[in-house]
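**Student:** Give me the fold of what follows.
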Amino acid sequence: MIGSLRLRLFFVLLGATGAVWIAAVAWIYASSQRELEHVLDTRLQEAARMVVSLVGSMEGRLPEKLPSLRPAATGGNYERQLSCQVWSLQGTMIARSSGAPEQRLSDQPSGFSERLIDGEVWRIYATEDEAKGFRVLVGDRLGLRDRLVTDLIKGLLWPALLIAPLLGVLIWVSVRRGLRPLQAIASDLVGRGADDMRPVDASRAPSEVKPLTLALNALFEKVALARRHEREITAFAAHELRSPLTALKTQAQVALAANDPVVSRAALQQILLAVDRATRLVRQLLTLARLDAHAEIDDRTRVPMRPLIEEVVRATPRAGGIEVTIGDDLRDVVWNGNRECLELAIRNLHENAVQYMPGGGEVRWRTGESPRDIVVEDTGPGVAADELDKIGQRFFRGRNKSVVGSGLGLAIASLAVERSGAGLHLGNRTDRSGFRAEIRLRSDR
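**Tutor:** Next up is the predicted model:
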């Protein structure tokens, strides 16, 4: 297996050219042989007719012996290869050309025939003059014909052998020039740094190379996006974790220094609040990283949605005065999706609804316009109009942020819903103040 694309193309082109050349030589050999046989057979006929015309022009009866005959010249050296015999119809040789065998060339009265004479195959043409009483036989050796065709092919092969090295050089140069766009791309990539994700310039690349450059650019874009997400998560995580850790240290120092049990208890409560915030942030970061790592999730099953929502509601702590209602219309809603992703989406949507309502309110789960869509809405302050287009972005918290929030809940819910084959639509309620999130099952599911 040849590892070099350049060598592979070179040998493929050279082999294809050689195969075409050999096929052309074979075709020329076969066609030349047919044409040559036709021409030489025609010349045999012409020579025989000339001899018949010469001998027939003699007056009176033919003598028993004629001077040595010489067939008409046919050009080049070929006339010395023709042999001619004149026989009487009674079977007596009247004359023969120089070099002609003494053995009768053919027993046929007329037409073409082949005969083995002295170890060689002859091609003979016979014709006769019944009025004068003689028959003329003209023939040549088939070996001569084969030599003529062989000489013709040699005349074609010698130039081919001389041109073959030049052709190989031209093919090699053409392959090198054709692969220059790939070499230019390789040189560009080799000279880049690890953080250089600029797209490869494909404006001057041939059409066969453009799919490769487009695929590379798409890969660079994905890698750049992934690295940007990693940097964002690292930077924001460091920033968000700094606050609860600082609060932990501060409250711990207050608790240690305070002599009043009330002050110590309040500091410990603040420590618990900071621990909850840090724990929730770490859990959300791990969840987000896990979802980002799996572009597609194929583990799907039938998931009854009301029991899943009830399970999430029971496991989510909420402040006093907040009422959670789960509509009976969700009882028959069953989705075909990944249960873990659906649970992540519902938990983060529910936590977002609960944590952003200060001092009481209502969170309601129900079906949407379609009986298979799921809506969760609260009676909180909602989202400012100028922030609606930013809702769902990672680490965006807005003006109405909660104490323990980190700006990742809706981003995780949106990604988890997408992995489940659905869509998430976020916005404010139109009937009253509050926030509304709707999970819509896509039509192809």
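**Student:** what's the burial count for D195?
**Tutor:** Other residues near D195 number 7, with proximity taken as other C-beta atoms under 10 Å. C-betas here are computed from N, CA, C, even on glycine.
**Student:** That one - that's part of a strand, no?
**Tutor:** No - read with DSSP: H, G, I helix; E, B strand; the rest coil, D195 is coil and lies in no strand.
**Student:** which ones are touching it?
**Tutor:** By C-beta atoms under 8 Å, 6 or more residues apart in numbering, the contact list for D195 is empty.
**Student:** where does D389 land on pLDDT?
**Tutor:** pLDDT, D389: 66.
**Student:** now swap in R6 and tell me
**Tutor:** 69.
**Student:** where along the stretch 301-445 of the chain do the strands fall?
**Tutor:** With strands called from DSSP state E, counting those that start in this stretch, the stretch 301-445 of the chain shows them at 301-304, 322-326, 334-337, 361-367, 374-378, 422-428, 435-441.
**Student:** Redo those strands as a markdown table? Include distance to D129.
**Tutor:** Compiled in a markdown table, those are given as follows (distance: least, C-beta to C-beta, whole Å):
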| stretch | distance to D129 |
| --- | --- |
| strand 301-304 | 105 |
| strand 322-326 | 123 |
| strand 334-337 | 102 |
| strand 361-367 | 115 |
| strand 374-378 | 113 |
| strand 422-428 | 105 |
| strand 435-441 | 105 |
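**Student:** I'd like to know which of those lies nearest to L179.
**Tutor:** Closest of those to L179 is strand 422-428, at 45.8 Å (criterion: C-beta to C-beta).
**Student:** Give me the buried positions along the closest one.
**Tutor:** By 16 or more other C-beta atoms under 10 Å, the buried positions in strand 422-428 come out as 422, 424, 426, 428.
**Student:** Which residue in those residues has the weakest pLDDT?
**Tutor:** Among the buried residues of strand 422-428, A422 has the lowest pLDDT, at 81.
**Student:** Might one say that it is in contact with L441?
**Tutor:** Yes - counting by C-beta atoms under 8 Å, A422 touches L441, with 5.2 Å between them.
**Student:** shared neighbours of these two, anything?
**Tutor:** Both A422 and L441 are in contact with W335, where contact means C-beta under 8 Å, 6+ apart.
**Student:** quick one: pLDDT of R442?
**Tutor:** At R442, pLDDT is 66.
**Student:** Buried deepest among the strands of the stretch 301-445 of the chain, which one?
**Tutor:** Among the strands of the stretch 301-445 of the chain, ranked by average contacts under mean count of other C-beta atoms under 10 Å, first place goes to strand 374-378 (a mean of 23).
**Student:** so that one versus strand 361-367, what angle?
**Tutor:** With axes from the mean of the first three to the mean of the last three C-alpha atoms, to 10 degrees applied, the angle from strand 374-378 to strand 361-367 works out at 170 degrees.
**Student:** Pull the residues that contact strand 374-378.
**Tutor:** Strand 374-378 has contacts (C-beta under 8 Å, 6+ apart) with 305, 309, 330, 333, 346, 349-350, 353-354, 356-357, 361-368, 429, 434-439.
**Student:** Okay, buried residues for the biggest strand by length in the chain please.
**Tutor:** The single longest strand within the chain, with elements called by DSSP state E, is strand 120-129. By neighbour count on 16+ other C-beta under 10 Å, the buried set for strand 120-129 is 122-129.
**Student:** Please tabulate those residues in a markdown table and include pLDDT as additional columns.
**Tutor:** Shown next, in a markdown table, are the buried residues of strand 120-129 (pLDDT from 0 to 100):
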| residue | pLDDT |
| --- | --- |
| W122 | 87 |
| R123 | 88 |
| I124 | 90 |
| Y125 | 91 |
| A126 | 91 |
| T127 | 90 |
| E128 | 86 |
| D129 | 84 |
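**Student:** M58: which of those is nearest?
**Tutor:** Closest approach to M58 among the buried residues of strand 120-129 (C-beta to C-beta): D129, at 10.8 Å.
**Student:** could you measure the closest one against T325, distance?
**Tutor:** D129 sits 127 Å away from T325, going by C-beta to C-beta, to the nearest Å.
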